[in-house]
Each structure stands twice: as structure tokens, then as C-alpha cells.
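Asks: A structural model of the following input is requested.
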Amino acid sequence: MADNRIDEMLLTQEGYDKIVAEHEELISVRRAEVAARLKEAISYGDLSENAEYDAAKNEQAELEERIDKLEQMMKKARIVSEEDMKGDVVSVGLTVTIKDIDEDEIEVYSIVGATESDPFNGKISNESAVGKGLLEHKVGDVVTIEVPDGFLRYEIINIER
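Replies: Predicted coordinates:
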């Protein structure tokens, strides 16, 4: 019997809303644009040597693939509720301040679902090594996380919404 939690994708409300907005944009605007380009390319005649037609067909295939991927994300999405974000332990949707013990540096990360990850802007995935390693820990905990380059040691300084 399959475990449905494996198939679910954790998202904040903001992350889910972005997926829905992109999906709506692709369906309502981009599909019509690609269809118009395809129709124009067909009007040029001989499809066997029509670069515009080939480009439009490729664009259409990529668009439909993205739409399908977004629909799968929406089906698998589980929006992290306020109840899930208690604030006393690190979880998706919360911001955690950590001290890199070896480098003596303070870092601040928001823990987000995998599709929302943006490490350069302080958003790390709950599925990344660091994100996964911090989950379920409390303020004051020292966490050792294995990464490809070795081990990182963090002390959790603060957890907030």
C-alpha cells in the first residue's frame, strides 16, 4: 500500500498561490499566444521545411509540459497550516536563525517547500540537507548536518513566523 505522504508536496500558502497564478497565466494567455503563432506558421505553407512551424510546435510542447507539471504540483500540494507552524520547533513556513558554530556566523533562513526554494534569498527547501537537518529541532539545539563537503554544525538561535 502506497504512503500518500510521500506523494504530497509541502507548500506555504504563498508558494501555492504562485503556482496557481502561473498555471492561470499559461492557460489563459500563453496558450492563445502559442496557438496564434502556430496558426501563422501553418499559413506559410509546406510544413516539412517550415522553421517557424517547428519552433511553434516545440514551444507548444514545452508549454503543455509546464502546465501538466503545475497541475501535478497542485494535486500533490499540502498547504502548511498555522497549526503546523507552532513556532517552538523548526518546520515549513517558519524562519529560523542559526549560528554556524565552525564559522561563527549568524544565518537566517525561511524553511519552504521544495518548489519555493531560493537559497540566494534565504529560502531553503525542507528537502535540502540543511532544511531537513533543522526540521523538528528547538531553540538551543545544536544540529550536525552531513553535506557533500563534510559536516555543518548549527545552533538554533531563534524560530519565528
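Asks: The helix or strand containing residue 151 packs against which elements?
Replies: Using DSSP states H and E, residue 151 sits in strand 150-160. Contacts defined by 3 or more CB pairs under 8 Å, 6 or more residues apart in numbering; DSSP states H and E place strand 150-160 against strand 95-100, helix 129-134, strand 142-147. Any C-beta I mention is one placed from the backbone N, CA and C, and that applies to glycine too.
Asks: okay if I get the ones you listed as TSV plus mean pLDDT?
Replies: What follows is these, written out as TSV (pLDDT from 0 to 100):
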stretch	mean pLDDT
strand 95-100	94
helix 129-134	94
strand 142-147	94
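Asks: And the pLDDT for residue 2?
Replies: Looking at residue 2, its pLDDT reads 45.
Asks: next one: residue 59
Replies: Looking at residue 59, its pLDDT stands at 95.
Asks: Please name the residues that touch it.
Replies: Counting by CB atoms under 8 Å, 6 or more residues apart in numbering, residue 59 touches 34, 37.
Asks: Torsion angles phi and psi at it?
Replies: phi -60, psi -40 (degrees, to the nearest 10).
Asks: Distance check, it against residue 146.
Replies: 42 Å (CB to CB, to the nearest Å).
Asks: So which of the helices and strands packed on strand 150-160 is nearest residue 76?
Replies: Evaluated over those, closeness to residue 76 peaks at helix 129-134, with 18.2 Å, by CB to CB.
Asks: Contacts for the closest one, please.
Replies: So helix 129-134 is in contact with 90, 96, 98, 109, 111, 124-126, 143-147, 152, 154, 156, going by CB under 8 Å, 6+ apart.
Asks: filter those to the buried ones?
Replies: Buried subset of the contacts of helix 129-134 (neighbour count, 16 or more other CB atoms under 10 Å): 90, 96, 98, 109, 111, 124-126, 143, 145, 152, 154, 156.
Asks: Identify the farthest-apart pair in these.
Replies: Largest separation among the buried ones among the contacts of helix 129-134 by CB to CB: 125 and 156, giving 17.7 Å.
Asks: which residues touch the most centrally placed residue in the chain?
Replies: The chain has residue 115 as the residue nearest its centroid, 0.8 Å off, counting by CA atoms, centre = their mean. By CB under 8 Å, 6+ apart, residue 115 lies in contact with 9, 11, 15, 19, 73.
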